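In: heads up, no residue letters with this:
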């Protein structure tokens with residue numbers, strides 16, 4: 001589903017800024033790499049990475065890329081509907097729903113993603129080295145696996161009608 005990012009009131013959050021150096025003839029040339037997540041707090045979230053010689057330019061590039069990569073996440077009354085495991089590379093992120101009032105119990109990169117997506121009560125555990133780029137991608141992978149009750153019913157009804165059609169044919 002495509003959405004116009006200008007129609008949403010997006011908030012951005014800088015997850016990680018990395019200074020990288022290129023060794024050249026005259027010494028070292030420094031650049032910056034920024035990892036940013038954007039979201040509207042209502043289920044839309046996107047991640048972006050930007051590189052530039054200055055930090056503000058790198059952040060601006062990352063925000064623009066994140067707006068191009070928006071995805072929708074199914075939320076259930078301030079939390080997630082069920083437990084999910086997000087995987088990316090060697091990172092593994094476990095997200096579990098929590099009761100109202102629990103808050104966000106998660107590490108830095110996971111916390112940034114779930115805050116901008118609009119989750120208020122969740123328990124998360126990062127299993128792996130903790131590379132912020134991979135943790136963010138694994139978290140997004142897990143959130144994209146979420147299904148609400150209506151989606152599951154549609155899938156099941158479709159599967160039941162397909163099975164009935166095969167039996168009657």
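Out: Cool, got the structure. Keep in mind the model is a prediction, meaning the values are calculated, not measured.
In: residue boundaries of the strands in the protein?
Out: Secondary structure of the chain (DSSP state E): strands located at 11-24, 27-39, 44-52, 71-72, 84-88, 91-97, 104-105, 122-127.
In: average pLDDT for the fifth one?
Out: The reference is to strand 84-88. The pLDDT scores in strand 84-88 average 93.
In: and that strand, what does it pack against?
Out: Using 3 or more CB pairs under 8 Å, 6 or more residues apart in numbering; DSSP states H and E as the contact test, the elements touching strand 84-88 are strand 91-97, helix 132-144. For glycine as for every other residue, the C-beta is placed from the backbone atoms N, C-alpha and C.
In: what pLDDT does residue 163 get?
Out: Taking residue 163 on its own, its pLDDT is 59.
In: kindly apply the preceding question to residue 80 instead.
Out: Looking at residue 80, its pLDDT stands at 89.
In: so the closest residue to it other than its chain neighbours bridges to which residues?
Out: Of all residues not flanking residue 80 in the chain, residue 97 sits nearest, at 4.9 Å (CB to CB, 6 or more residues apart in numbering). Beta-bridge partners for residue 97, by DSSP bridges, are residue 122.
In: ok, residue 97 - contacts?
Out: Counting by CB atoms under 8 Å, 6 or more residues apart in numbering, residue 97 touches 76, 79-83, 121-123.
In: try residue 88
Out: 134, 137-138, 141.
In: look up how far residue 39 lies from it.
Out: 18 Å (CB to CB, to the nearest Å).
In: what of residue 60?
Out: 17 Å.
In: before we move on, back to that, please identify the most buried of the helices and strands packed on strand 84-88.
Out: Mean neighbour count (mean count of other CB atoms under 10 Å) peaks for helix 132-144 among the helices and strands packed on strand 84-88, with a mean of 22.
In: show residues contacting it.
Out: By CB under 8 Å, 6+ apart, helix 132-144 touches 15-16, 35, 37, 45, 47, 49, 71, 73, 80, 84-95, 107-110, 112-114, 117, 124, 126, 128.
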